[in-house]
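[1] A structural model of the following input is requested.
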Amino acid sequence: MSHANIETRQRIEPNFKLAEPPMFKVVYLNDDVTSVEFVISSLIDTFDYEVENAVTITQTIHDAGAAIVAVLPYEIAEQKGIEVSLNARAQGFPLQIRVEAEA
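    Presented below is the predicted three-dimensional model:
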């Protein structure tokens, strides 16, 4: 009679609990150089705002000194912030954009 090597394996239960990714705010900061037209067009082109909403947010940025323009997962928020910043610099504007963790 041969001796068989019998192994016992434990069944591993998969964990399907997926957490939502943390969200980050994209914040435009007001300055005295960046044109209103550039801010409005960046909101329309990058964040898909309608013209009326882009104008309202631009006015809020001007009046309050800053405004949250989007809340997105980190990678997307960072990518869009960099995209707008590069476009601003290419047109000679010093527009500042912050990406902050949502509280």
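
[2] Residue 72 and residue 62, how far apart?
    23 Å (CB to CB, to the nearest Å). Just so you know, the C-beta spots here come from the backbone N, C-alpha and C atoms, and that holds for glycine as well.

[3] Looking at these two, which is more packed in?
    residue 72 (20 against 14; other CB atoms under 10 Å).

[4] List the contacts of the spatially most central residue of the chain.
    Nearest to the mean C-alpha position of the chain, by CA atoms, centre = their mean, lies residue 77 at 1.6 Å. The contact partners of residue 77, by CB atoms under 8 Å, 6 or more residues apart in numbering, come to 24, 25, 26, 70, 71, 99.

[5] Low-confidence ranges, this protein, go.
    1-5 (pLDDT under 70).

[6] need the longest helix for it.
    Ranked by residue count under DSSP state H, the longest helix found in the chain is helix 74-90.

[7] Give the next helix or strand downstream of that one.
    strand 96-101 (DSSP states H and E).

[8] quick one, helices of the protein?
    36-47, 51-64, 74-90.
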